[in-house]
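Dropping a prediction and its sequence here:
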Amino acid sequence: MVKVKGRKIKRGDEIYRGEKAREFIEEMGKRYGMVYVMDVDGYKRNSPNLSFYKKLDCPIWIDSFPRYLEDVMDLVVSGFERISIWDMKDENLAEVRDMCEIEIFIGDEDEKEAKRKAIKYGFKGIILEEGQREGSDGKKMEIWKIYMNEWMVKRIE
């Protein structure tokens, strides 16, 4: 997992810029098969670093906090393999499902709400933050958790 802000990568105390940033992400992609990218500019300003990602040659799971259908479509057109969607309204999720064929994971402050949305709209699974817990209700789906202190995302179910 990496954080991107202003086309710079932060991982722990290290900051990578330009070509070093691209190389770092691509090396992670080779090592882990896919890189989970938290786009701080997408989260804070609704302006993810899409032109930077288009230069990468590895599978990316993007978490840029898309707010609207258009934001998700920008991510789809940019070629990401997976997208995390947090706190999006149901009416927008229905449209996303109808327009996208990539893997989408739902996050929400309420993990039960995330699971409800993922099941209702047929998405791949849910993404949780470290402090969240997922209670088993018998419905199987992929569940991933973000571990910020370890700089990783792990599948927990």
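Thanks, I have it.

if I pick the residue nearest to residue 114 when sequence neighbours are not counted, what's in contact with it?
Closest residue to residue 114 apart from its sequence neighbours, by CB to CB, 6 or more residues apart in numbering: residue 108 at 3.9 Å. Any C-beta I mention is one placed from the backbone N, CA and C, and that applies to glycine too. The contact partners of residue 108, taken as CB atoms under 8 Å, 6 or more residues apart in numbering, are 86-87, 114, 117, 126.

7 Å instead?
Residues near residue 108 by CB atoms under 7 Å, 6 or more residues apart in numbering: 86-87, 114, 117.

Just among those, which is most surrounded?
With neighbours taken as other CB atoms under 10 Å, the top of the contacts of residue 108 is residue 114, carrying 25 neighbours.

And the residue nearest to the spatial centre of the chain, how close does it get to residue 19?
With distances taken as CA atoms, centre = their mean, the residue of the chain nearest its centroid is residue 63 (2.9 Å). Distance of residue 63 to residue 19, computed by CB to CB, to the nearest Å: 24 Å.

Give the next helix or strand downstream of the helix or strand of the chain with the lowest mean pLDDT.
Every helix and strand in the chain was compared by mean pLDDT, DSSP states H and E; the lowest is strand 8-11, with a mean of 88. Using DSSP states H and E, the helix or strand that follows strand 8-11 in sequence is strand 14-16.
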